[in-house]
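Trainee: coords please:
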Amino acid sequence: MNTQKPPVKERSEDMASSMGANEQAAIRMVANDLHRLNQSVMKAVEAGVSVELIRSARHHCGNGNFGDLLTPIILKQSS
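Mentor: Residues are numbered from 1 along each chain as shown. Sure, this is the predicted structure:
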């Protein structure tokens, strides 16, 4: 049994199908930026550092919606 989730792009497109145009555009932007962030994390790891993303804050807009804001923790193994 394959329990892997589909890639972020496909999941975001599924979720966005019931949203308005502005919401869909915002979700696409998050998905694209997340893809680029993941690529950057992989490049940093391949360059010799460890990267941990932690929630540094949570943004609320006052209508019940929120989003987590991230801060990277960068670690380099001692040689």
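
Trainee: Please count neighbours and contacts with C-alpha atoms only from this point.
Mentor: Noted.

Trainee: can you pull out the strands in the chain?
Mentor: For the chain, applying DSSP state E gives strands covering 49-60, 66-76.

Trainee: could you dump those to CSV with distance to V30?
Mentor: Listed next are the strands of the chain as CSV, based on distance: least, C-alpha to C-alpha, whole Å:
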stretch, distance to V30
strand 49-60, 15
strand 66-76, 11
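
Trainee: Adding mean neighbour count and mean pLDDT as columns, could you present those strands in CSV?
Mentor: Putting the strands of the chain into CSV (neighbours: other C-alpha atoms under 10 Å; pLDDT from 0 to 100) gives the following:
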stretch, mean neighbour count, mean pLDDT
strand 49-60, 12, 97
strand 66-76, 11, 95
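
Trainee: With respect to Q24, which of those strands lies nearest?
Mentor: strand 66-76 (15.7 Å; C-alpha to C-alpha).

Trainee: Relative to that closest one, what are the paired strands and their orientations?
Mentor: Here strand 66-76 is paired, per DSSP bridges, with strand 49-60 (antiparallel).

Trainee: what's in contact with the strand it pairs with?
Mentor: Outside strand 49-60, the residues that touch it by C-alpha atoms under 8 Å, 6 or more residues apart in numbering are 41, 44-45, 66-77.

Trainee: which residues of this structure score low on pLDDT?
Mentor: Within the chain, the ranges that satisfy pLDDT under 70 run 1-3, 9, 12, 16, 79.

Trainee: Not counting sequence-adjacent ones, nearest residue to I74?
Mentor: V51 (4.8 Å; C-alpha to C-alpha, 6 or more residues apart in numbering).

Trainee: again, but for V45
Mentor: Among residues not flanking V45 along the chain, V51 sits closest, at 6.9 Å (C-alpha to C-alpha, 6+ apart).

Trainee: where's that neighbour relative to L69, distance?
Mentor: V51 sits 16 Å away from L69 when distances are taken as C-alpha to C-alpha, to the nearest Å.

Trainee: just G20 next, same as before
Mentor: In terms of C-alpha to C-alpha, G20 sits 24 Å off from L69.

Trainee: Nearest residue to the middle of the protein?
Mentor: With distances taken as C-alpha atoms, centre = their mean, the chain has L34 as the residue nearest its mean C-alpha position (3.9 Å).
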